[in-house]
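Chemist: this is a predicted model, with the sequence first.
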Number of protein chains: 2
Amino acid sequence: MNSITLLGMLAAFCTTISFLPQALKTIQTKNTSGISLYMYALFTFGTLFWLLYGLLSHNLPVTVANSVTFLFAAIILSYKLKYK
Amino acid sequence: MNSITLLGMLAAFCTTISFLPQALKTIQTKNTSGISLYMYALFTFGTLFWLLYGLLSHNLPVTVANSVTFLFAAIILSYKLKYK
């Protein structure tokens, strides 16, 4: 594996896992006042489209990364809708 | 352009532009209480790594999309650090 591929994997890891601390914080505090509903609506649909794109184009990294991010984003969106 | 490529472009548009309403909300309200510092630290560095990856691998869509997202993420992170 060359250094550019490694940089791409590090990038994918950071952006994918970053939604975990947000999901945990939102679940624990139920504080969604500073969170944008429009952001999470767009982002949740966006990751769902990436997931479908990954499946249809047989791209495993895109499918796996976006399955994880879609799950976290959907949790945050559902809390935002419940605890406005 | 086939329908799978179109789905990928729709996905990229949604996930890239989604951080704009969050950045605007954070700038206007300065309310960052529900926002996770760890999320935006990881996400900002993640998009920076994606940006470098895009530049080094001569991938224009990755470079452009992550330049935009990095800008929004860095603004939100700076507000989170300033208005804890």
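Modeler: Nice, I can see it. Quantities reported herein were computed from a predicted structural model and do not represent experimental measurements. Numbers count the residues shown, from 1 in each chain, chains lettered A, B, ... in the order given.
Chemist: is any residue of the helix or strand containing A:Y53 near chain B?
Modeler: A:Y53 is part of helix A:37-56, with elements assigned from DSSP states H and E. Yes. Using CB under 8 Å from any CB of the partner chain, helix A:37-56 reaches chain B at A:38-40, A:42-43, A:45-47, A:49-50, A:52-53, A:56. For the C-beta atoms, the positions are set from N, CA and C on the backbone; glycine is no exception.
Chemist: quick one, phi psi at the residue nearest the centre of chain A?
Modeler: With distances taken as CA atoms, centre = their mean, A:T69 lies nearest the centre of chain A, 2.5 Å away. The phi/psi pair for A:T69 (degrees, to the nearest 10) reads phi -70, psi -40.
Chemist: who's in contact with the closest residue to it other than its chain neighbours?
Modeler: In space, A:T69 comes closest to A:T47 once its chain neighbours are excluded; the distance is 4.8 Å by CB to CB, 6 or more residues apart in numbering or on different chains. Neighbouring residues of A:T47 by CB atoms under 8 Å, 6 or more residues apart in numbering or on different chains: A:N66, A:T69, A:F70, A:A73, B:A11, B:T15.
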